[in-house]
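> Structure for the following, please:
(one chain, ligands or ions: 2)
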Amino acid sequence: MKGLYASIFLLIILFLSLSACKNDDADEGPIDNTIENKQPLGTSAEDILSDDRYDKLKFELVYTESYRPEAESVNAFKNFVNARVVKPGGVQFIEREIPNQAGAPFTLDQIKTIEEEYRTLYNETGTVAIYIFFSNGSSSNDTQSSVTLGTAYRNTSVVVYQKTLELITQSDPELLPILEQTTLEHEFGHILGLINLQNDDIHNAHEDPSNSKHCIVEECLMYFNATNVGRSALNRFMARGMVPQLDPLCIADLQAKGGQ
Ligand SMILES: [Zn+2]
Ligand SMILES: [Zn+2]
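Ligands and ions are numbered 1, 2, ... in the order given. Sure thing, here's the model as predicted:
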């Protein structure tokens, strides 16, 4: 009898663990750990600026062989980021080359598909990750009279239309780093919630009523609309020959969300 009980007991255990196995397979499926990085623009501002949830920040800079950003621009961007965020665990910049992408000019959906395929860094415990693609093709929204230099399109995703930047500055190559830095820093400003992207900035009165989500202060980095810039406005901007800085109101907004 003892042997029979033992066998039944073993059978029950075996049955239980088999059904547990089956449930695991049927119910859970692959876990998508990218969800946190597919949220609306501006929603991760505090996570990126402060050290409350994440004490490290990682950037994944992805480009193709022929449209690599200038080293000078990447360095300036590093300084810009380090001046604004509070990350005691450090800020890391990882650069990766990917194959030339076909199908330009690119719609935003195509840009998202490229991200799906090539982005490797996502949020993990203690680390918030941002992806920036330097595109080898222009935006499908470009017209005769306006171009797109860059777009921040999710909480941690940016595209910089590198080919467009290089075309525009072809006759004046020393302007390329200025335009690259301006576009990079401006789009990162949107990732940080500027201006009033989630309707929660403390100084929302500096949002430009005629150019929503941009700053009303003409000298500010966030005044310039890199998502849809008229060619004459672009020429005026480039004639200034310098990268605009964030004005005190924009900086105060970032500080209110845990930045510096
Ligand atoms: Zn903008
Ligand atoms: Zn501003």
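> any idea how far residue 188 is from the spatially most central residue of the chain?
Closest to where the C-alpha atoms of the chain average out (Cα atoms, centre = their mean) is residue 157, at 2.8 Å. The gap separating residue 157 from residue 188 is 11 Å, by Cβ to Cβ, to the nearest Å. Quick note: C-beta positions are derived from backbone N, CA and C, even for glycine.
> tell me, what's touching these two both at once?
residue 130 (Cβ atoms under 8 Å, 6 or more residues apart in numbering).
> count of neighbours near residue 109?
For residue 109, the tally of surrounding residues (other Cβ atoms under 10 Å) stands at 8.
> ok but it is inside a strand, no?
No: counting by DSSP: H, G, I helix; E, B strand; the rest coil, residue 109 is not part of a strand but helix.
> Let me know the helix or strand that residue 116 is in.
Per DSSP states H and E, residue 116 falls inside helix 108-118.
> Just the residues contacting whatever helix or strand comes next after that helix, thanks.
Moving toward the C-terminus from helix 108-118, the next helix or strand (DSSP H and E) is strand 127-134. Outside strand 127-134, the residues within contact range by Cβ under 8 Å, 6+ apart are 37, 44, 47-48, 53-54, 56-64, 67-69, 89, 111, 114-115, 118-119, 121-123, 156-160, 162, 184, 187-188, 191.
> what's the helix or strand following strand 127-134 packed up against?
Per DSSP H and E, the first helix or strand lying C-terminal to strand 127-134 is strand 146-147. Applying 3 or more Cβ pairs under 8 Å, 6 or more residues apart in numbering; DSSP states H and E, one finds that strand 146-147 contacts strand 229-230, helix 231-240.
> next one: strand 146-147 to chain centre, how far?
Distance, stretch centre to chain centre, for strand 146-147: 21 Å (Cα atoms, centre = their mean, to the nearest Å).
> Over to stretch 79-95?
14 Å.
> Dump that stretch to PDB, keeping only the CA atoms.
In PDB, the C-alpha atoms belonging to stretch 79-95 read as follows (Å, rounded to 0.1, in the frame of the first residue of the first chain):
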ATOM      1  CA  ASN A  79      28.200  68.200 -22.900                       C
ATOM      2  CA  PHE A  80      24.700  69.500 -23.500                       C
ATOM      3  CA  VAL A  81      23.100  66.300 -22.000                       C
ATOM      4  CA  ASN A  82      25.500  66.200 -19.000                       C
ATOM      5  CA  ALA A  83      24.800  69.800 -18.200                       C
ATOM      6  CA  ARG A  84      21.000  69.100 -17.800                       C
ATOM      7  CA  VAL A  85      20.500  65.600 -16.400                       C
ATOM      8  CA  VAL A  86      21.200  64.300 -12.900                       C
ATOM      9  CA  LYS A  87      22.600  60.800 -13.400                       C
ATOM     10  CA  PRO A  88      25.100  59.800 -10.600                       C
ATOM     11  CA  GLY A  89      25.500  56.400 -12.300                       C
ATOM     12  CA  GLY A  90      26.700  58.200 -15.500                       C
ATOM     13  CA  VAL A  91      25.600  58.900 -19.100                       C
ATOM     14  CA  GLN A  92      26.900  56.500 -21.700                       C
ATOM     15  CA  PHE A  93      26.900  57.000 -25.500                       C
ATOM     16  CA  ILE A  94      27.000  53.900 -27.700                       C
ATOM     17  CA  GLU A  95      27.600  54.500 -31.400                       C
END
